[in-house]
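1. need a structure here:
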Amino acid sequence: MKKTVFIDGQHGTTGLKIHERLNDRKDIELVEILVEKRKDPEAKKKMLNEADIVFLCLPDDAARESVSLIKNESVCIIDGSTAHRVTEGWVYGLPELKKEQRTLIKNSKRITVPGCHATGFISILYPLVANGIVTLDYPITSYAIVGYSGGGKAMIADYESEGAPDYIKYPLPYSLALNHKHLPEMTKVVGLAQSPLLTPIVTNVYNGEIISIPLMTSYFKKALSAADIRAVLAEYYAGERFVKVMPYPPDDFLKDGSMTFADCNGTNNLEIFVFGSEERILLSARYDNLGKGSSGTAVQNMNLVLGMDEATGL
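-> Numbering: from 1, shown residues only. Okay, here's the model as predicted:
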């Protein structure tokens, strides 16, 4: 019998992408609430408790409410919101994080999908902390360039409306109170002693992301160059299908040494770049904020839970 999958919030940005990835699959049954019952709380509660897999693509409070309605312990919840990313008892749904992560995901009924900024940040920094190269008290800074779809329906409407203000035509730094909602998971999952300083910048393209972390080698526990760091990351992710450490210089470098932005769009791929020398290093991750940064990883988690090839549909 096919496993049933329900997307709670399927008309949001992430929900639509998950639905798009699952709609033509023959190995699962995608179930939906009838249009006339979408606002019926009992109909929703019934759907939540009868599905094998539930994706939550909701604002945080709504996600918590949906979790509270699920009384069937056999239902596996894959939450795309921020609500449970640092909550005890929930498994962090980044399969490539460490060797045992896939087993933890497969055996869990409570999985939280990483945030888009956190996905790239953790992917490039966690291996260096795990290998004792970057200390937990290192003053980490990071900046991200991301498409406006990361802001959800409201931001998409702002950018795509005919009367859009001139300022959104240009790169727009945001969350300048330095309290971005992804900081708690970045700090906890990597194990940092203090939150990083994150500067996200939304730009006038629909999707895509590059997040970067600069590092000074004088703060390392041992002398390592950019080439050494690249080798560490390449070994850590050896054999991974969706995370790849790129050569330097990468094939798609432009003549002036700049990096292109959208090469991973429409995929579940994340590409890691290491730039620099023996003194200064820049780590960068390039990916689709709607792919590996949300819907792609969500589906990858589902595949693991169901015992399927994790690349199915990706």
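
2. In three-state terms, label residue 184 for me.
-> helix (DSSP: H, G, I helix; E, B strand; the rest coil).

3. Give the burial count for it, as a bare number.
-> Using other Cβ atoms under 10 Å, residue 184 is surrounded by 16 other residues. (Each C-beta comes from the backbone N, C-alpha and C, glycine too.)

4. Could you measure from it over to residue 117?
-> Counting by Cβ to Cβ, to the nearest Å, the gap from residue 184 to residue 117 is 12 Å.

5. for residue 288, phi and psi?
-> Residue 288 adopts backbone torsions of phi -90, psi 120, taken as degrees, to the nearest 10.

6. Report the contact partners of it.
-> Residue 288 is in contact with 207, 208, 209, 264, 265, 266, 267, 268, 269, 296, counting by Cβ atoms under 8 Å, 6 or more residues apart in numbering.

7. Please tell me which one of those counts the most neighbours.
-> residue 209 leads the contacts of residue 288 on contacts (other Cβ under 10 Å) with 31 neighbours.

8. what bridges to that one?
-> Beta-bridge partners recorded for residue 209 (DSSP bridges): residue 146, residue 287.

9. Help me confirm that it comes into contact with residue 146.
-> Yes - contact status for residue 209 versus residue 146: in contact at 4.4 Å, counting by Cβ atoms under 8 Å.

10. any shared contact partners between those two?
-> Contact with both residue 209 and residue 146 is made by residues 116, 117, 289, according to Cβ under 8 Å, 6+ apart.

11. Neighbour count, secondary structure and distance to residue 221 added to those, as JSON lines?
-> Formatted as JSON lines, these follow (neighbours: other Cβ atoms under 10 Å; DSSP: H, G, I helix; E, B strand; the rest coil; distance: Cβ to Cβ, whole Å):
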{"residue": "116", "neighbour count": "28", "secondary structure": "helix", "distance to residue 221": "30"}
{"residue": "117", "neighbour count": "27", "secondary structure": "helix", "distance to residue 221": "26"}
{"residue": "289", "neighbour count": "29", "secondary structure": "coil", "distance to residue 221": "33"}
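
12. Now these in a markdown table, please, with extra columns for distance to residue 30 and pLDDT.
-> Formatted as a markdown table, the shared contacts of residue 209 and residue 146 follow (distance: Cβ to Cβ, whole Å; pLDDT from 0 to 100):
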| residue | distance to residue 30 | pLDDT |
| --- | --- | --- |
| 116 | 24 | 97 |
| 117 | 29 | 98 |
| 289 | 24 | 97 |
